[in-house]
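K.L.:
predicted model, plus sequence, below.
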Amino acid sequence: MSSCKQTLHRYAKRYLIDAMGAMAQGLFASLLVGTILDTIGAQFGLAILTEIGTYAKAMAGPAMAVAIGYALQASPLVLFSLATVGHMANSLGGSGGPLAVLIIAIIAHELGMLVSKKTKVDILVTPLTTILSGALFSYLLAPAIGTAASSLGDLIKWAMLQQPLLMGILVSTLVGIALTLPISSAAICAALGLTGLAGGAAVAGCCAQMVGFAVISFRENRWGGLVAQGLGTSMLQVPNIVRNPRIWLAPTLASAITGPLATCVFHLEMNGAAIASGMGTCGLVGQIGVYSGWVADVAAGTKAAITAMDWIGLVLICLILPALFSLLFDRLFRRIGWVKDGDMALNL
């Protein structure tokens with residue numbers, strides 16, 4: 001039984017943490033950066049940046065698949081062949097392409113590694129096996145995977161419109177928790193296509209975790225910790241959470257408040273790239289994503305203009321309120337002895 005659990009744990013880490021985390025990085029380095037460049041180019045009339053951004057966005061599938069292969073320690077020929085697999089899976093998967101790439105790239109990688117360096121004509125056998133198996137599963141599975149992921153994302157977005165208070169709490173809290181855990185909230189949001197109000201709630205939850213931990217641990221970690229967690233990742237606190245799970249309560253409760261405020265009061269929407277919904281304040285990507293969505297909406301005529309209320313809501317939901325609520329809850333938990341000085345210290 002113990003051996004079985006260890007095996008399951010190993011595979012879960014390999015495919016759900018390592019591969020998914022790498023997929024998010026590949027998506028970040030292509031689609032998200034491309035969206036940012038495209039937005040800057042459009043705003044400042046720099047056609048060259050818009051063109052570069054378009055090229056970068058087109059490489060999302062190959063970038064994700066190659067990143068997955070790298071995380072799984074693919075041999076060179078398997079790794080390079082995954083670029084084709086990623087392009088096919090992402091294209092055939094439609095709006096649910098990222099999830100299709102994750103599943104199919106893993107399958108193609110494992111099949112390619114079975115024959116890698118096993119024959120004297122490895123330079124032919126390995127790429128053919130990887131690409132053809134990836135192509136086969138792309139044709140067979142990618143459309144269905146894409147439809148399923150898209151449908152689930154659409155269901156969440158529909159439920160958000162019906163129950164913005166309840167769904168604001170759930171989406172904000174769950175995506176925020178995923179951001180702090182060693183799994184990829186960005187990949188989850190991308191796979192499900194979480195945009196609109198659901199994307200806004202996700203941004204709120206992620207910001208609550210990052211800004212919350214950065215602020216409540218300031219006495220232990222000072223400015224280095226503020227920047228590392230506030231602009232980097234709250235995942236740095238995972239070892240401390242294992243030692244004392246109660247330190248996680250303050251930012252999580254903060255996310256349960258800022259989520260519905262984002263959906264019900266400020267109507268904060270993420271209409272940029274879905275991956276940005278799961279990035280929070282990491283490099284201010286979440287905020288850039290919201291802004292790029294505003295720009296796209298104005299250009300499409302679905303939004304009249306970017307208003308002062310838009311900016312006030314963004315700053316309050318992403319920065320001020322997460323810090324305020326997290327500090328209030330943290331002070332309460334310190335007073336009753338659940339959290340003590342040093343509980344959130346980082347080795348920076």
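P.N.:
Now that the structure is in, tell me what you want to look at.

K.L.:
can you count the residues close to residue 34?
P.N.:
For residue 34, the count of nearby residues is 23 (other Cβ atoms under 10 Å). Quick note: C-beta positions are derived from backbone N, CA and C, even for glycine.

K.L.:
any idea how far it is from residue 319?
P.N.:
Per Cβ to Cβ, to the nearest Å, residue 34 is found 26 Å from residue 319.

K.L.:
list the contacts of the residue most central in space within the chain.
P.N.:
Nearest residue to the geometric centre of the chain (Cα atoms, centre = their mean): residue 186, 0.4 Å. The contact partners of residue 186, by Cβ atoms under 8 Å, 6 or more residues apart in numbering, come to 24, 27, 28, 275, 276, 277, 278, 279.

K.L.:
tell me the one of the residues you listed nearest residue 182?
P.N.:
Relative to residue 182, the closest of the contacts of residue 186 is residue 24; by Cβ to Cβ it sits at 12.1 Å.

K.L.:
that closest one: neighbour count?
P.N.:
Residues near residue 24, counting by other Cβ under 10 Å, number 27.

K.L.:
backbone torsions only: list them for it.
P.N.:
With angles defined as degrees, to the nearest 10, residue 24 sits at phi -60, psi -40.

K.L.:
show the pLDDT at it.
P.N.:
pLDDT recorded at residue 24 is 82.

K.L.:
ok, the one 5 residues further on next?
P.N.:
Model confidence at residue 29, given as pLDDT, is 88.

K.L.:
one more: residue 307?
P.N.:
Residue 307 is given a pLDDT of 93.

K.L.:
please name every helix or strand in contact with the host helix or strand of residue 92.
P.N.:
For residue 92, the element it lies in under DSSP states H and E is helix 76-93. Packing partners of helix 76-93 (3 or more Cβ pairs under 8 Å, 6 or more residues apart in numbering; DSSP states H and E): helix 60-71, helix 97-115, helix 122-162.

K.L.:
okay, these in CSV with mean pLDDT and mean neighbour count next?
P.N.:
Formatted as CSV, the helices and strands packed on helix 76-93 follow (pLDDT from 0 to 100; neighbours: other Cβ atoms under 10 Å):
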stretch, mean pLDDT, mean neighbour count
helix 60-71, 95, 27
helix 97-115, 94, 25
helix 122-162, 94, 18
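
K.L.:
residue 101 touches residue 67, doesn't it?
P.N.:
No. At 9.6 Å, residue 101 does not count as touching residue 67 under the criterion of Cβ atoms under 8 Å.

K.L.:
common neighbours of these two, please.
P.N.:
Counting by Cβ under 8 Å, 6+ apart, the common neighbours of residue 101 and residue 67 are residue 23.
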